[in-house]
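Engineer: following is a predicted model, sequence given first.
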Amino acid sequence: MAAPLLLILLLRTLIHLAQSHRATSSTIQLPVSTLPHSSSVTDFGATGDGLHYDTAAIQSAIDACPTNPNNNQCHVTFPPGTYLTGTIFMKSGVVLDIREGATLLGGKRLEDYPQEEWRWYVVVAENASDVAITGGGVVDGNGLSFVERFDERKNVMVSWNTTGACLGDECRPRLVGFIACRNVVVSNITFTEPAYWCLHIVRCENTYIHDVSIYGNFNTPNNDGIDIEDSNNTVITRCHIDTGDDAICPKTYTGPLYNLTATYCWIRTKSSAIKLGSASSFDFKNLLFDNIKIVQSHRGLGLQIRDGGNVSDVTFSNINISTRYYDPSWWGRAEPIYVTTCPRDSSAKEGSISNLAFINITAISENGVFLSGSKHGLLSNLRFINVNLTYRRWTNYSGGLVDYRPGCQGLVNHSIAGIIMEHIEGLEVENVNMRWSDEKSGRWNNPLDFRPSTVNNISLFNFHSNLYRQ
């Protein structure tokens, strides 16, 4: 999917150039080839010693990039070293080339970041086009400096709300953000130890993320891997994400989200590997998740629709999942697949989910699949095709709870089933194998749990349920 996207953009550019030349001259003139402008941050005084702030030098190197009508890129390079910095602002045409052996290290002081909380990033681009981060180096959010108390269950984090600069308990800087940008590329780079969200794509068009490694502290909350917000035409491929909170998380706050493809990724998290929502005020449409491996996560594939937006035409295919219980302070109960619609609170609307497909899925999990619509937010036209589910327990956390969080009913006592279904109109199950662990505790009660009063039009073809023996 990535190569066609870039090819389309290139073809559009060539067609535009050809039309422009035709309109002004009878003779076709080839554009003059020029090399990208390049400069090193050390040429502007950056020390790279990890002790002194290099913010001003880095920003000067970016600001010195020419505004070129021919759209030539300007490469700002970081030689090996550690560059301590507050927020740096990218602009159109800039490529941050963070070389192997170089680390861009975020500051840990409030004064290192802008006055406006929404601009708290180590690196941010606003209303820019043709921007990129690459080079083989590292962007480090200095996240461990924001841990107030280390806890194997869940770290207690610093919040700058005590300063009056913000509200709530999640007042910490994100790592990298692109806000209202076009033609964004993030490639061949490592993001590590974000204090809050790691890579944040907001209201962007045409974003290509590939060969990116993300490492967040496994016990730190809210250190999401990639958050895609109100953005269209996004491709994520060949990424490695190992973090505490949600790994790939599409959201809608101010507008819809269309055309997202994520492929060939490896994920481990204490929360959801892939989660739509829970911010879901607008629609999600045309999403594909393919060839993904999810390892030892608290939840595999999740949809949490809480704010009235609708979801349609989403496919999960060729995915290998293993899920396990972690501390209940984290959302999730080891479900390999979790699909829910319910209002966040009494003032929220109920969104719906339709045309949702799970194809060629293999899962080993400590809990079953949970499919729960709501009275005015039905799940419709769901398909499970070529799905292998193996259920067995290997941790000591208690089961027998259904997790509706955030909002809704919270944690509810419920027997453990292979698939729990609520408020569904249309479910096709074809070539599904469900295996149960050979244990005498009676925790596994039944393969399918539903009430005909809320679940209609179920089709089962070649469905098998049997005992699993090691």
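Structural biologist: Right, received. Where do you want to start?
Engineer: secondary structure element for Q59?
Structural biologist: Counting by DSSP states H and E, the element that carries Q59 is helix 55-63.
Engineer: and that helix, how far out from the chain's middle?
Structural biologist: Here helix 55-63 is found 29 Å from its chain centre; the criterion is Cα atoms, centre = their mean, to the nearest Å.
Engineer: could you point out which element follows it?
Structural biologist: strand 74-78.
Engineer: for the helix or strand following that next one, buried residues please.
Structural biologist: Using DSSP H and E, the helix or strand that follows strand 74-78 in sequence is strand 81-85. Of the residues in strand 81-85, those buried by neighbour count under the rule 16 or more other Cβ atoms under 10 Å are G81, T82, Y83, L84, T85. For the C-beta atoms, the positions are set from N, CA and C on the backbone; glycine is no exception.
Engineer: just the closest of these to S453, please.
Structural biologist: Distance to S453, by Cβ to Cβ, is smallest for T85 among the buried residues of strand 81-85, at 58.9 Å.
Engineer: what about the closest one, distance to K108?
Structural biologist: Counting by Cβ to Cβ, to the nearest Å, the gap from T85 to K108 is 11 Å.
Engineer: do T237 as well
Structural biologist: From T237 to K108 the distance is 32 Å (Cβ to Cβ).
Engineer: ok, G81 next?
Structural biologist: Using Cβ to Cβ, G81 is found at 19 Å from K108.
Engineer: tell me the confidence at V158?
Structural biologist: For V158, the model assigns a pLDDT of 94.
Engineer: OK, contacts around it?
Structural biologist: F146, V147, E148, R172 (Cβ atoms under 8 Å, 6 or more residues apart in numbering).
Engineer: list only buried entries from these.
Structural biologist: Neighbour counting with 16+ other Cβ under 10 Å marks F146, V147, R172 as buried within the contacts of V158.
Engineer: what's the distance between the closest residue to the second one other than its chain neighbours and D227?
Structural biologist: The shortest distance from V147 to any non-neighbouring residue, by Cβ to Cβ, 6 or more residues apart in numbering, is to N155 (4.9 Å). For N155, the distance to D227 under the criterion Cβ to Cβ works out to 20 Å.
Engineer: out of the buried ones among the contacts of V158, which sit inside strands?
Structural biologist: Among those, the members falling in strands (DSSP state E) are V147.
Engineer: now stretch 255-272: buried residues?
Structural biologist: For stretch 255-272, a neighbour-count test (16+ other Cβ under 10 Å) marks 257, 259-263, 265-272 as buried.
Engineer: send the alpha carbons of it over as PDB?
Structural biologist: Taking Å, rounded to 0.1, in the frame of the first residue of the first chain, the C-alpha atoms of stretch 255-272 are listed here in PDB:
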ATOM      1  CA  GLY A 255     -13.300  15.200  12.200                       C
ATOM      2  CA  PRO A 256     -13.500  11.800  10.600                       C
ATOM      3  CA  LEU A 257     -10.700   9.400  10.000                       C
ATOM      4  CA  TYR A 258     -10.500   7.600   6.600                       C
ATOM      5  CA  ASN A 259      -8.100   5.300   4.800                       C
ATOM      6  CA  LEU A 260      -5.600   3.900   7.400                       C
ATOM      7  CA  THR A 261      -3.500   0.900   6.600                       C
ATOM      8  CA  ALA A 262      -1.100  -0.800   9.100                       C
ATOM      9  CA  THR A 263       0.900  -3.800   8.000                       C
ATOM     10  CA  TYR A 264       3.800  -6.000   9.000                       C
ATOM     11  CA  CYS A 265       4.100  -4.700  12.600                       C
ATOM     12  CA  TRP A 266       5.200  -6.300  15.900                       C
ATOM     13  CA  ILE A 267       3.500  -5.200  19.000                       C
ATOM     14  CA  ARG A 268       3.600  -5.700  22.800                       C
ATOM     15  CA  THR A 269       1.700  -3.600  25.300                       C
ATOM     16  CA  LYS A 270       0.000  -3.700  28.700                       C
ATOM     17  CA  SER A 271      -3.100  -2.200  27.100                       C
ATOM     18  CA  SER A 272      -4.500  -2.600  23.500                       C
END
